[in-house]
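K.L.:
Provided below are the primary sequence and the corresponding predicted coordinates.
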Amino acid sequence: MGLGAYIAVSAVLFAIGVVCIVARRNMIYVLMGIEMILNAANINFVAFNRFNGDAMDGRMFAIFVIILAAAEAAVALGIVLNVYHLFESIKPGDVDLMRD
Amino acid sequence: MDFLQFNPSADFKLLLAVPLIPLVGYVVQIFFGRFLPRKGDWLLTAGMFTTMCITVLMAAKAISHGFSSDEPFFHLSKDVGMSFSWFYQEGKDAADPLNMTAGLLYDGLGAAMLAVVGIVSFFVHLFSTGYMKGDKRYHIFFANISLFTVAMLGLVLSDNILFLFVFWEIMGLMSYLLIGHFSHDPSTPFFHRWATWASKKAFLTTRVGDCCLLIGMMMFWQNFQTFQFTELWRLTSEEVARNGGEWPQWMTIAGLFIFGGTVGKSAQFPLHIWLPDAMAGPTPVSAMIHAATMVAAGVFLLGRTFPILSPDVLAIVTATGAVTALFAATIGVTAFDLKAVLAWSTISQLGFMVAAIGTGGLGLVAGLFHMVTHAFFKSCLFLSAGSVIHGCHHEQDMRKMGGLRKRMPLTFLAMGISTLAIAGIPMFSGFYSKDKIIQAAFMKTSLEFSGAQAFASFALPVAAALTAFYMFRMMFMTFAGEYRGDVAEGHGHGHGHDDHHDDHDHHIVHAEDGGIAGGHPGPVPHESPLPMTISLMVLATLGFLGGKFWLADLDVLAHSKPWFMKLVSPEKMYPGVELMNGYGAEITAGMIEHADHVAHTWAMIISLFVASLGIFGAWWIYGPRLRATGQSVVRWTWVLVFSLLAYLFGAPLISQLVEGTGTLITISAWVVGVGVLAYYLMRSTKWIVGVFAGISRPNPENIANGFGELYVTVANKYYIDEVVDASAIRLSMLSAKFLRWFDETVVDGFVLLIGRINRSGGGVSAWFDQKVVDGAVNGVGALTQTFGFIARLFQTGRIQQYASFAVAGGLAVAAWLLLG
């Protein structure tokens, strides 16, 4: 399997993530979309590392991203919990206090 | 006596207190008077009493000097280092003419005048405590009358014409306030309006004279750079002497202006119009104005400035005085208002004084002496009139009086003495002064004949006769006969005096159409309270004795000069000044002495004759008829007089006729002469007793009608008020109208034009500001707003939308990178 297949999977995953962020009406799915985008990036890191040399750079980055994603998920879920406390809803559309 | 020696350093301090005591009283009274017990009248009256005592003491010093020494009694406070700087400029020499200094001048004239002012003012104050009782502005009245006195006292004491003018003006202001005293009392509508009008009239009319005085004063200052009387006299005399005895023209003009001040203040023709209306004020004020202050100030000014008046000015002074004396006397004959008679008599008497001063020399002394004697008897007459008016419940029309002799005996006595004095009856003060005035006029005419002098010689005796006539007419109408006023129902004789006073003290007057204020029916007239009658008695005594000042000299029988003449003669009044306005060089001392002698005899005869004529005329028309006793007195008096006359004129005649003939013829001539005389004596006695018994009594109305238009003219005061109305007042109204038109059309038009131009300019500026400047600012704002509005649309607050935009943006960048 060539590099193109990996990138295609990554691109599909990225697209699904974006759609998930933009379109879903549940903040948990939005978070999941973010995870998908991060994982799409991870696939790219790993794939480019495999096909473009012996260094471990790409894989190291992927591991960092996974750690980062875990931290991010923890913080984001805390935010979601607080949002739920304040708005009694976790629809992203209901949280529009930042509008002009 | 030592204490009667004038001690300048001490006595000038005493003299300074003379105006200061009432001045302090005025200040206290005007601020605190209303809180004091009795509204402070006792304070000012006591102060004025002190002032009077000082003035009398100082006058005693002057008189004692006059008896003991031939030196002039003339003191300047400057000589003892008492002078006061007014306009003192820093860095200027003290002798600079612009450094105005004031001081006191005390001489014989000042002594006499100061004592007169002090005495009359005190008694007017005392009288007012009774007369003004119950007045709403009682304390203000006392304050004002006190400052009025201060002004006159200061005027008399001033040693320079500038300070004299200052006090002169204060007096003008106080006369305005006092004449208008009732103008604040709307409860008496007639007096309210009349007082308002009269006070304005007095103020404005005298202001004309004051302007003249100021101009005259300044003309002298421009030439001599001094206001001091002594300097003015000296410099004038020197200037005329340098000019070879000719008076420079400017001096005549300036002298006329100074005389203009007298014309205004002393109510001379044609500025006399204010004085008769000044009686709108309370009667004590009239007494002040007519006697001690105001009108006397004008005559006093003539006395002080006499050496600087040129002969031409003096001729005009004489003519003005004589005209005033005569024409005011004729009006006095027609007046029916008690106070109006007195007012016109004042104008007439002032005419005497002014005319006399114009004749110079003896006339100057006589005029000033008349001012002194007149002050006493005229203040007494006015206060008596006040007492009568007070007694008759503010009725002033003599036709509604009569028979008051029994009801007001003290007032009758006082007024009678003063009337005898003003009419010129020997032994009463007015005789001496008026006799001297007529003598001075005769003397001057005989020495230097001129139209003015001749007119004065004619007019003054006629005016004297008229004076005697209208004064006795007043006395007969007021005191003789029966009471003609209304007596109200229900008020009986038994009415107690005191509570009756409370009822009627100050119902001044009710409004009446046209005429002088009329009284209201009340109880029968009554005598006035004690303070008023005391004042009357004292002033009447002074009016009686005042003439003795002229004669009160031990050496009078030896024809030496009496003390008034000793103190107030030209040489004593203006020491060291050579008068340049006296007789010309061709008139020798011997001629003057001869003329003096002749004029003395004739003046005596004529003034006695005119006085008796006037009194007889008044009695004939208005007097009470004689009963049997009076008729026999008249009969035997006439027999005596006729026999005496017949002997005086007949005996020399018969002696002439029969000289050198036989005894028989002499005896028969005497028998025939005595027979003829006896026949005429019988006839004349019958006629004269018939006249005195009232068989042929003329009716005043018929006499008045007999004069026809002339009477109407005189009764209307020669229409002078109307002439003034039509000329001066109409003219000033017209000029005021023109000025108003000018102001409204031209000045206002110009201002409006400027305004309009400014407004148009402002319009342009406003348009530019609103459209251009504001437009630019608003435009920027609007633009920002529009962009902001558009930008707002993206700020939905929805994270997913923001994310979509980000994605779209990312896609767009990618597309551009890939496709571009």
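P.N.:
Received it, and whenever you're ready, just let me know what you need.

K.L.:
Which residue is the nearest non-sequential neighbour of B:Gly40?
P.N.:
B:Gly33 (3.9 Å; C-beta to C-beta, 6 or more residues apart in numbering or on different chains). Yep, even glycine has a C-beta here, placed from its N, CA and C like the rest.

K.L.:
The one you found against B:Ala143, yeah?
P.N.:
Yes. Between B:Gly33 and B:Ala143 there is a contact at 6.0 Å, judged by C-beta atoms under 8 Å.

K.L.:
For stretch B:37-56, buried residues please.
P.N.:
B:39-41, B:43-45, B:47-52, B:54-56 (16 or more other C-beta atoms under 10 Å in any protein chain shown).

K.L.:
Identify those among those residues that sit within helices.
P.N.:
Counting by DSSP state H, the part of those found in helices is B:41, B:43-45, B:47-52, B:54-56.

K.L.:
out of those residues, which touch chain A?
P.N.:
When C-beta under 8 Å from any C-beta of the partner chain is applied, no member of these is adjacent to chain A.

K.L.:
which residue ranges form the strands in chain B?
P.N.:
Secondary structure of chain B by DSSP state E: the strands cover B:74-76, B:83-85, B:101-103, B:105-107.

K.L.:
Show the pLDDT at residue 72.
P.N.:
Answering for chain A, as no chain was given. Looking at A:Glu72, its pLDDT is 92.

K.L.:
Please refer instead to chain B.
P.N.:
Confidence score, pLDDT, at B:Pro72: 82.

K.L.:
separation between it and chain A?
P.N.:
From B:Pro72 across to chain A, the span is 111 Å (C-beta to the nearest C-beta, to the nearest Å).

K.L.:
Just the CA atoms of stretch B:813-820, as PDB, please.
P.N.:
The C-alpha trace of stretch B:813-820 is given here as PDB (Å, rounded to 0.1, in the frame of the first residue of the first chain):
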ATOM      1  CA  VAL B 813      -6.900  29.300   0.600                       C
ATOM      2  CA  ALA B 814      -6.300  25.700  -0.400                       C
ATOM      3  CA  ALA B 815      -8.200  26.100  -3.600                       C
ATOM      4  CA  TRP B 816      -6.300  29.300  -4.400                       C
ATOM      5  CA  LEU B 817      -3.000  27.600  -3.700                       C
ATOM      6  CA  LEU B 818      -3.900  24.600  -5.700                       C
ATOM      7  CA  LEU B 819      -5.700  26.200  -8.600                       C
ATOM      8  CA  GLY B 820      -3.700  29.500  -8.700                       C
END
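
K.L.:
could I get the strands of chain B as JSON lines with distance to chain A?
P.N.:
As requested, the strands of chain B are exported to JSON lines (distance: least, C-beta to the nearest C-beta, whole Å):
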{"stretch": "strand B:74-76", "distance to chain A": "100"}
{"stretch": "strand B:83-85", "distance to chain A": "85"}
{"stretch": "strand B:101-103", "distance to chain A": "89"}
{"stretch": "strand B:105-107", "distance to chain A": "99"}
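
K.L.:
nearest to B:Ile757, of the ones you listed?
P.N.:
strand B:83-85 (52.8 Å; C-beta to C-beta).

K.L.:
What's the biggest helix in the chain, counting residues?
P.N.:
Answering for chain A, as no chain was given. helix A:57-87.

K.L.:
That was the other one, I meant chain B.
P.N.:
Max-length helix for chain B by DSSP H is helix B:189-224.

K.L.:
Give me the helices and strands touching it, please.
P.N.:
helix B:161-179, helix B:229-242, helix B:249-265, helix B:274-277 (3 or more C-beta pairs under 8 Å, 6 or more residues apart in numbering or on different chains; DSSP states H and E).

K.L.:
just the ones you listed: most buried one?
P.N.:
Sort the helices and strands packed on helix B:189-224 by mean neighbour count, taking mean count of other C-beta atoms under 10 Å in any protein chain shown, and helix B:274-277 sits at the top with a mean of 25.

K.L.:
Can you give me every residue that contacts whatever residue of chain A ends up closest to chain B?
P.N.:
Relative to chain B, the nearest point of chain A is A:Arg99 (2.7 Å; C-beta to the nearest C-beta). Contacts for A:Arg99 (C-beta atoms under 8 Å, 6 or more residues apart in numbering or on different chains) come out as B:Gln795, B:Thr796, B:Gly797, B:Arg798.

K.L.:
One more: B:Trp42?
P.N.:
Here B:Trp42 is in contact with B:Thr129 (criterion: C-beta under 8 Å, 6+ apart).

K.L.:
Quick one, grab the pLDDT at it.
P.N.:
Reading off the model, B:Trp42 has pLDDT 84.

K.L.:
Dump the helices and strands packed on helix B:189-224 to JSON lines, plus mean pLDDT and distance to chain A.
P.N.:
Formatted as JSON lines, those follow (pLDDT from 0 to 100; distance: least, C-beta to the nearest C-beta, whole Å):
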{"stretch": "helix B:161-179", "mean pLDDT": "91", "distance to chain A": "81"}
{"stretch": "helix B:229-242", "mean pLDDT": "88", "distance to chain A": "98"}
{"stretch": "helix B:249-265", "mean pLDDT": "91", "distance to chain A": "91"}
{"stretch": "helix B:274-277", "mean pLDDT": "87", "distance to chain A": "90"}
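
K.L.:
Up against chain A, what does the stretch 1-150 of chain B have?
P.N.:
Counting by C-beta under 8 Å from any C-beta, no residue of the stretch 1-150 of chain B is near chain A.

K.L.:
which residues of the chain score low on pLDDT?
P.N.:
Unless you meant another one, I'm taking chain A. For chain A, the stretches flagged by pLDDT under 70 are A:100.

K.L.:
nope, chain B please
P.N.:
B:1-2, B:88-95, B:97, B:188-191, B:486-524, B:547-562, B:660, B:691-697.

K.L.:
for chain B, what are the nearby residues on chain A?
P.N.:
So chain A meets chain B at A:18, A:21-23, A:30, A:92-93, A:95-100 (C-beta under 8 Å from any C-beta).

K.L.:
Now, of those residues, which are buried?
P.N.:
By 16+ other C-beta under 10 Å, the residues of chain A next to chain B give A:Val18, A:Ile21, A:Val22, A:Val30, A:Pro92, A:Val95 as buried.

K.L.:
Return the residues in contact with the fifth one.
P.N.:
When you say that, I think you mean A:Pro92. A:Pro92 touches A:Arg24, A:Arg25, A:Met27, A:Val30, B:Arg798, B:Ile799, B:Gln800, counting by C-beta under 8 Å, 6+ apart.

K.L.:
again with the second one
P.N.:
If you count contacts by C-beta under 8 Å, 6+ apart, A:Ile21 has them with A:Val30, A:Gly33, A:Ile34, A:Ile37, B:Gln800, B:Ala803.

K.L.:
how near is B:Asn7 to B:Val299?
P.N.:
According to C-beta to C-beta, to the nearest Å, B:Asn7 stands 30 Å off from B:Val299.

K.L.:
If you could redo that for B:Leu15, that was the one I meant.
P.N.:
For B:Leu15, the distance to B:Val299 - C-beta to C-beta - is 21 Å.

K.L.:
Over to B:Met113?
P.N.:
Counting by C-beta to C-beta, the gap from B:Met113 to B:Val299 is 9 Å.

K.L.:
Find the residues that touch each one of these two.
P.N.:
By C-beta under 8 Å, 6+ apart, the residues touching both B:Met113 and B:Val299 are B:Met371.

K.L.:
And the two? Which one has more around it.
P.N.:
B:Met113 (30 against 27; other C-beta atoms under 10 Å in any protein chain shown).

K.L.:
surely that one meets B:His374?
P.N.:
No. Taking contacts as C-beta under 8 Å, B:Met113 lies outside contact range of B:His374: 12.0 Å.

K.L.:
Those residues of chain B touching chain A, which are they?
P.N.:
So far as C-beta under 8 Å from any C-beta goes, chain B lies against chain A at B:Ala791, B:Arg792, B:Gln795, B:Thr796, B:Gly797, B:Arg798, B:Ile799, B:Gln800, B:Ala803, B:Ser804, B:Val807.

K.L.:
Spatially, which two of those residues are the most separated?
P.N.:
So for these, where distance means C-beta to C-beta, the most widely separated pair is B:Arg792 and B:Val807, at 21.7 Å.
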